[in-house]
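Enquirer: fold the following and give me the result.
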Amino acid sequence: MRHRKGGFKLQRDPSARRALLRGLTTSVILHERIETTVTKAKAVRPQVERVITLAKRDTLHARRQAAAYLYEPRAVQKLFDRIGPRFADRAGGYTRIVRLGPRQGDGAETAILELLGTSLAKKGDDKKKRREARIARGAKRSS
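Expert: Down below sits the predicted model:
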């Protein structure tokens, strides 16, 4: 019988799998978007949803549980200060998986796992802002 055999093994032993999922969860909380394989995205999604649900409670016990799971204290800080209140009125479904297609090197199916409400920044925007700032600094120096 295969009762309670669900989940993704990800070709790792249990301790390596747990470390991988904790690292990916911490990255999603810090960056609000990660690019990984579809299988890893599907495996980490329940973990991300679980810590966001902890953040919605915002009690000392919930903070300690999140701190025990996430690797970085600033991830816990961001989770409870910004992400928890953002999803306060939502009853689950905080993440989205967007498929990207096969990876160049090994052909693995890739995806983006992101939190809902994350604005997609265009690649050229940062470059454009830096260029404008450099031009403004140059204008100040010459005058």
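
Enquirer: C-alpha only now, for contacts and for neighbours.
Expert: Fine.

Enquirer: and the strands in the chain?
Expert: Taking DSSP state E as the test, the strands found in the chain are 33-37, 95-102, 109-115.

Enquirer: and the last one with strand 95-102, angle?
Expert: What that stands for is strand 109-115. Counting by axes from the mean of the first three to the mean of the last three C-alpha atoms, to 10 degrees, strand 109-115 lies at 160 degrees to strand 95-102.

Enquirer: tell me the pLDDT at the most centrally placed residue in the chain?
Expert: Central residue of the chain (C-alpha atoms, centre = their mean): residue 28, 1.1 Å from the mean position. What the model reports for residue 28 is a pLDDT of 97.

Enquirer: looking at it, it is touching residue 114, isn't it?
Expert: Yes: between residue 28 and residue 114 there is a contact under C-alpha atoms under 8 Å: 7.0 Å.

Enquirer: residue 83 against residue 57, yeah?
Expert: No: Residue 83 is not in contact with residue 57 according to C-alpha under 8 Å; the separation is 11.8 Å.

Enquirer: for residue 138, see how far away the residue nearest to the centre of the chain is.
Expert: For residue 28, the distance to residue 138 (C-alpha to C-alpha, to the nearest Å) stands at 38 Å.

Enquirer: which residues of this protein score low on pLDDT?
Expert: 119-124, 140-143 (pLDDT under 70).

Enquirer: which stretches of it form helices?
Expert: All helices of the chain, identified by DSSP state H, fall at 14-31, 38-57, 60-69, 73-78, 84-86, 123-142.

Enquirer: so which of those gets nearest residue 100?
Expert: helix 38-57 (9.0 Å; C-alpha to C-alpha).

Enquirer: dump the C-alpha coordinates for that closest one into PDB.
Expert: Provided in PDB are the C-alpha atoms of helix 38-57 (Å, rounded to 0.1, in the frame of the first residue of the first chain):
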ATOM      1  CA  VAL A  38       9.000  22.700 -12.500                       C
ATOM      2  CA  THR A  39       9.400  19.700 -10.100                       C
ATOM      3  CA  LYS A  40      11.300  21.800  -7.500                       C
ATOM      4  CA  ALA A  41       8.800  24.600  -7.900                       C
ATOM      5  CA  LYS A  42       5.900  22.200  -7.200                       C
ATOM      6  CA  ALA A  43       7.800  20.700  -4.200                       C
ATOM      7  CA  VAL A  44       8.600  24.000  -2.600                       C
ATOM      8  CA  ARG A  45       5.200  25.600  -3.100                       C
ATOM      9  CA  PRO A  46       3.500  24.000  -0.100                       C
ATOM     10  CA  GLN A  47       6.400  25.100   2.100                       C
ATOM     11  CA  VAL A  48       6.200  28.700   1.000                       C
ATOM     12  CA  GLU A  49       2.400  28.700   1.500                       C
ATOM     13  CA  ARG A  50       2.900  27.300   5.000                       C
ATOM     14  CA  VAL A  51       5.400  30.000   6.200                       C
ATOM     15  CA  ILE A  52       3.200  32.700   4.700                       C
ATOM     16  CA  THR A  53       0.300  31.300   6.700                       C
ATOM     17  CA  LEU A  54       2.500  31.500   9.800                       C
ATOM     18  CA  ALA A  55       3.200  35.200   9.000                       C
ATOM     19  CA  LYS A  56      -0.500  35.900   8.800                       C
ATOM     20  CA  ARG A  57      -0.800  34.900  12.500                       C
END
